[in-house]
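Visitor: build me a structure from this.
(one chain, ligands or ions: 1)
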Amino acid sequence: MNKEFYPAEPFRIKSVETVKMISREEREQVIKDAGYNTFLIDSEDVYIDLLTDSGTNAMSDKQWAGMMIGDEAYAGSKNFKHLEATVQELFGFKHIVPTHQGRGAENLLSQIAIKPGQYVPGNMYFTTTRYHQERNGGIFVDIIRSEAHDASIDIPFKGDIDVEKLKNLIEEKGAENIAYVCLAVTVNLAGGQPVSMKNMREVRELTNKYGISVFYDATRCVENAYFIKEQEEGFADKSISDIVLEMFSYSDGCTMSGKKDCLVNIGGFLCMNDDDLFNDAKELVVVYEGMPSYGGMAGRDMEAMAIGLRESMQFEYIQHRVKQVRYLGQKLIEAGVPIVEPVGGHAVFLDARRFCPHLSQEQFPAQSLAANLYVESGVRSMERGIVSAGRDRKTGKNHAPKLETVRLTIPRRVYTYSHMDLVADAVIKLYKHKEDIKGLKFVYEPKQLRFFTARFEEI
Ligand code: PM9
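Guide: Predicted structure coming up:
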């Protein structure tokens, strides 16, 4: 193992959940019954669940205590006031509109800020984000730096926007035809790659010149802030919350899936500074989510979110979080397993192109690799490649992303380094007989966000 310092868990365990491993024969049956889609496996049949870091967080004793002071009034909940004040203080935005989760916020923002035919440039797509942009007539354009599409290039801040690409797009299409810039911190599908503060400043400077808004996808903003503190010059002595505040000062608002960096199991919100946009969002939130003082969340959920967001900014927590993920990645790198480098904030991404060179992308190598890892070890992961990318709305052709990956996503405060060792051993074992991994074909392909419920069989 390399010399990097891996801190012990900065918490002790107060409540436990027993997990069990079913037999290999049972796992073979389970994956067949699930149509080779790890989303369709029952949680009880999973040993270590690395499907996602979304809503899988362990809450603290203080958050659980907060749940008991939920104010479940239909309107004007005091927990909303607490959440609102916390987000205003930590993110610096004027307005907050609560939603049931991140995609609820994406739905609202896309409806109020995109006119049909307008472009929405972003640093790589995210599934639900692009879905709502396109559903509202937006045209997504990927303007992430080119290196982000190459799994093996190990450089810091691989999530940065290519400012030249953004400038060219604005000049070619005209500023009035850009709805807003969508800047994700960190970039999930690039491997959880962070964006530098320098890049955020540059994007702000450029968009200010043209009068274009910038909305962040803030889902993993605290993880992004940790990378800035660790790797960007001038930030080593700054607190995580000061860095987060500066990050958002270069934007006009954000969408947030609270299920990640807010350390809760459900919830989200939309933020903005503009009063008119806030009014539009409030008019719409009652249609899709609920009153502007709960937006699909219970009072107790909002209380837990307010407490969790503050906890997430503690240095000891976020340092352990990012380094635990890095520990798993480092073990795989040292064993020669191909992964997306550098290791990002929330997950280790196996590079299925190099893991399964005997399969073409049309044979869904990442989908099959995830299914095989489950059979091998009871570890559940997720495909993030051609299946997740879906089809082009106009041409009906498959998007074929350069990154064809399997994501080993680490839930927050849930697993220990021993679990990481177990996962690494399972992946390394599978890599030794990777030629046995067969290709897949669709037997059921949903029209929307197909990766969630698609079914496959072996070729
Ligand atoms: N991310 C994830 O597992 C859960 C849904 S896809 C399996 O990574 C970003 C960057 C996300 C994200 C969800 C959402 C949507 C927006 N942006 O799931 O609706 O990673 O709360 O958030 C998932 P919600």
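Visitor: how many neighbouring residues does the closest residue to the ligand within the stretch 201-350 of the chain have?
Guide: Proximity of the stretch 201-350 of the chain to the ligand (CB to the nearest ligand atom) peaks at S257, 3.2 Å away. Backbone N, C-alpha and C define where each C-beta goes, glycine included. Neighbour count of S257, defined by other CB atoms under 10 Å: 27.
Visitor: mind listing what it touches?
Guide: Neighbour list for S257: 54, 101-103, 105, 219, 268 [criterion: CB atoms under 8 Å, 6 or more residues apart in numbering].
Visitor: for it, which non-adjacent residue is spatially closest?
Guide: G102 (2.7 Å; CB to CB, 6 or more residues apart in numbering).
Visitor: and that neighbour, how far from the ligand?
Guide: According to CB to the nearest ligand atom, to the nearest Å, G102 and the ligand sit 3 Å apart.
Visitor: and which of the contacts of S257 is nearest to V30?
Guide: Minimum distance to V30 across the contacts of S257 is 21.9 Å, recorded for S54 (CB to CB).
Visitor: for S312, see how far away the nearest residue to the closest one once chain neighbours are set aside is.
Guide: Leaving out its chain neighbours, the residue that sits closest to S54 by CB to CB, 6+ apart is K259, at 4.5 Å. Distance from K259 to S312, counting by CB to CB, to the nearest Å: 12 Å.
Visitor: the two: which is more packed in?
Guide: Using other CB under 10 Å, the more surrounded residue of K259 and S312 is S312, with 25 against 22.
Visitor: before we move on, the earlier item: show me what contacts the residue nearest to S54?
Guide: 54-57, 101-102, 265-268.
Visitor: at 7 Å what do you get?
Guide: K259 is in contact with 54-55, 101, 265-267, counting by CB atoms under 7 Å, 6 or more residues apart in numbering.
Visitor: and for T207?
Guide: Residues in contact with T207, defined by CB under 7 Å, 6+ apart, are 181, 214.
Visitor: shouldn't it be within a helix?
Guide: Yes: secondary structure assignment places T207 in a helix (DSSP: H, G, I helix; E, B strand; the rest coil).
Visitor: this protein against the ligand: which residues are in contact?
Guide: With the criterion set to CB under 6 Å from any ligand atom, the chain comes near the ligand through 52, 54, 101-103, 126-129, 184, 188, 217, 219, 257, 259, 268.
Visitor: list just the nearest of the residues you listed to H82.
Guide: Minimum separation from H82 among the residues of the chain next to the ligand (CB to CB) is found for G268, which lies at 16.4 Å.
Visitor: if we can go back for a sec, how near is the residue nearest to S257 to M247?
Guide: Counting by CB to CB, the gap between G102 and M247 amounts to 17 Å.
Visitor: got it, and R27?
Guide: When R27 is compared with M247 (using CB to CB), they lie 42 Å apart.
Visitor: these two - which one has more neighbours?
Guide: With neighbours defined as other CB under 10 Å, R27 and M247 compare such that M247 has more, 25 against 21.
Visitor: got the buried residues for the top helix by length along the chain?
Guide: The single longest helix within the chain, with elements called by DSSP state H, is helix 315-334. By neighbour count, and taking 16 or more other CB atoms under 10 Å as the criterion, the buried residues in helix 315-334 are 317-333.
Visitor: from the chain's centroid, how far away is that helix?
Guide: What separates the centre of helix 315-334 from the centre of its chain is 17 Å, taken as CA atoms, centre = their mean, to the nearest Å.
Visitor: which strands and helices lie in contact with that helix?
Guide: Applying 3 or more CB pairs under 7 Å, 6 or more residues apart in numbering; DSSP states H and E, we find helix 315-334 packed against helix 221-231, strand 347-351, helix 417-432.
Visitor: mind doing that once more with 6 Å?
Guide: Counting contacts by 3 or more CB pairs under 6 Å, 6 or more residues apart in numbering; DSSP states H and E, helix 315-334 packs against helix 221-231, helix 417-432.
Visitor: next, format those as a markdown table and append mean neighbour count.
Guide: Compiled in a markdown table, these are given as follows (neighbours: other CB atoms under 10 Å):
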| stretch | mean neighbour count |
| --- | --- |
| helix 221-231 | 24 |
| helix 417-432 | 17 |
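Visitor: tabulate those (TSV), appending mean pLDDT.
Guide: Below are the helices and strands packed on helix 315-334 laid out as TSV (pLDDT from 0 to 100):
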stretch	mean pLDDT
helix 221-231	98
helix 417-432	98
